[in-house]
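Engineer: Test case, fold it:
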Amino acid sequence: MGESSSSAGTRPAAAGTAGSPVGAAAGYRPSATLPFWAEFRRQASRRRTQLALGFMVLLPLIILIAFQFETNNEEENGGGEFGSLIDLATTGGLNFTLFSIFVSASFLLVVVVALFCGDTVASEASWGSLRYLLAVPVPRARLLAVKLLVALSYSALALLLLAGTALLAGTLRYGWSPLRSTVAAQIEPGEGVLRLLGVLGYLAIVLLAVAGLAFLLSVVTDAALGAVGGAVLLWILSSILDQITALGVVRDFLPTHYSTAWLGLLSTPVQTDDLVRGAISAISYATLFWGLAFWRFTRKDITS
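Structural biologist: Reported below is the predicted structural model:
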């Protein structure tokens, strides 16, 4: 199929018409096609969006209920560091929020981001509706940009829903108290909120690498499950390789190497070196993957 920026009709635009490409129908403006909010509402009506966001709200409540069955037996809590985290989680809303983020960051949030970003283009191709969107006509670059922005918006919303629900539920159940961790003394509630916002911000940046990889796979394949699953599996592979110390300095270039650097925000004083390196790494990977996705999509033949 030809480029999507082709004319919507046969009548050429009048000379000097602002914003209309040469040969396009009168009044046609590429920037007015596929508005962000139209795509946002369209994705909101999808079952996978509703289920993913709903689970982000449900998870902290499930954890809260599970804590009601807690015993004083340290072995049943898992012992060690994880048992200590559970003990801290029940000391206040901020600590409960931190625990909910901790247990979700390494896998659940990766899956959710991969779902939103990996499903967005591939699903259109699998349904056979992608070529009809381009025939409206919506320019290819604009279609991809709008879909990416919507996917990132829902990914950020999922992260906020998880943290917001955990903070509300945890505060109602355990009260409002200083933030504590296993690596620092307690942090006053006001500063604790800022630290948690910093944790969320850093996680959002780290997950950009997942978003970029999933989005690239979504453009390459017509199978949404393959794009989502491929991104998650490659992220897991990177995590496994990062545990192999024999790789030496190579580990520093893995996208998952600095994924837990947000723990530096809980120390006193705050440790920022790995945070900066992790942010640079994630943004670099995301930029590379998105660049490849746009390059591939603007040149491939759309047949589905």
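
Engineer: Quick check: mean pLDDT of the helix or strand hosting Ala227?
Structural biologist: Under the criterion of DSSP states H and E, Ala227 resides in helix 224-242. Here helix 224-242 scores 95 as its mean pLDDT.

Engineer: what comes into contact with it?
Structural biologist: With C-beta atoms under 8 Å, 6 or more residues apart in numbering as the test, helix 224-242 has contacts from 106, 110-111, 114-115, 117-119, 122-123, 126, 210, 213-214, 217-218, 220-221, 247, 251, 254-257, 259. For the C-beta atoms, the positions are set from N, CA and C on the backbone; glycine is no exception.

Engineer: what sits up against stretch 49-65?
Structural biologist: Stretch 49-65 is contacted from outside by 43-44, 89, 96-97, 99-100, 103-104, 108, 112, 115-116, 154, 157-159, 161-162, 165-166, 169-170, 173, using C-beta under 8 Å, 6+ apart.

Engineer: Out of the residues you listed, list just those in helices.
Structural biologist: If you go by DSSP state H, these have 43-44, 89, 96-97, 99-100, 103-104, 108, 112, 115-116, 154, 157-159, 161-162, 165-166, 169-170, 173 in helices.

Engineer: Which among these count as buried?
Structural biologist: Neighbour counting with 16 or more other C-beta atoms under 10 Å marks 43, 89, 96-97, 99-100, 103-104, 108, 112, 115-116, 154, 157-159, 161-162, 165-166, 169-170 as buried within those.

Engineer: just to revisit the earlier point, could you export the helix holding Ala227 as CSV, CA atoms only?
Structural biologist: Provided in CSV are the C-alpha atoms of helix 224-242 (Å, rounded to 0.1, in the frame of the first residue of the first chain):
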residue,chain,number,x,y,z
ALA,A,224,0.2,-8.5,19.4
LEU,A,225,1.0,-11.4,21.7
GLY,A,226,4.3,-11.9,20.1
ALA,A,227,5.2,-8.2,20.6
VAL,A,228,4.2,-8.1,24.2
GLY,A,229,5.7,-11.5,25.1
GLY,A,230,8.9,-10.8,23.1
ALA,A,231,9.5,-7.6,25.0
VAL,A,232,8.9,-9.3,28.4
LEU,A,233,11.1,-12.2,27.6
LEU,A,234,13.9,-10.0,26.4
TRP,A,235,13.6,-8.0,29.6
ILE,A,236,13.8,-11.1,31.7
LEU,A,237,16.8,-12.3,29.6
SER,A,238,18.6,-9.0,30.3
SER,A,239,17.8,-9.4,34.1
ILE,A,240,19.3,-12.9,34.0
LEU,A,241,22.4,-11.8,32.2
ASP,A,242,22.8,-9.0,34.7
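
Engineer: Which SSE is immediately downstream of that helix?
Structural biologist: Downstream of helix 224-242, the first helix or strand assigned by DSSP H and E is helix 273-297.

Engineer: what helices or strands is that following helix leaning on?
Structural biologist: Contacts defined by 3 or more C-beta pairs under 8 Å, 6 or more residues apart in numbering; DSSP states H and E place helix 273-297 against helix 140-174, helix 189-220.

Engineer: Now with 10 Å, please.
Structural biologist: Where contact means 3 or more C-beta pairs under 10 Å, 6 or more residues apart in numbering; DSSP states H and E, helix 273-297 is packed against helix 108-119, helix 140-174, helix 189-220.

Engineer: Please identify the buried residues of that helix?
Structural biologist: Across helix 273-297, burial judged by 16+ other C-beta under 10 Å covers 274-275, 278-279, 281-282, 285-286, 289-290, 292-294, 297.

Engineer: Among those, find the lowest-pLDDT one for me.
Structural biologist: Least confident of the buried residues of helix 273-297 in the model: Phe297, at 86.

Engineer: circling back: would you mind giving the buried residues of helix 273-297 as JSON lines with distance to Gly264 added?
Structural biologist: Compiled in JSON lines, the buried residues of helix 273-297 are given as follows (distance: C-beta to C-beta, whole Å):
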{"residue": "Asp274", "distance to Gly264": "6"}
{"residue": "Leu275", "distance to Gly264": "6"}
{"residue": "Gly278", "distance to Gly264": "9"}
{"residue": "Ala279", "distance to Gly264": "12"}
{"residue": "Ser281", "distance to Gly264": "15"}
{"residue": "Ala282", "distance to Gly264": "15"}
{"residue": "Tyr285", "distance to Gly264": "20"}
{"residue": "Ala286", "distance to Gly264": "21"}
{"residue": "Phe289", "distance to Gly264": "26"}
{"residue": "Trp290", "distance to Gly264": "27"}
{"residue": "Leu292", "distance to Gly264": "31"}
{"residue": "Ala293", "distance to Gly264": "31"}
{"residue": "Phe294", "distance to Gly264": "33"}
{"residue": "Phe297", "distance to Gly264": "37"}
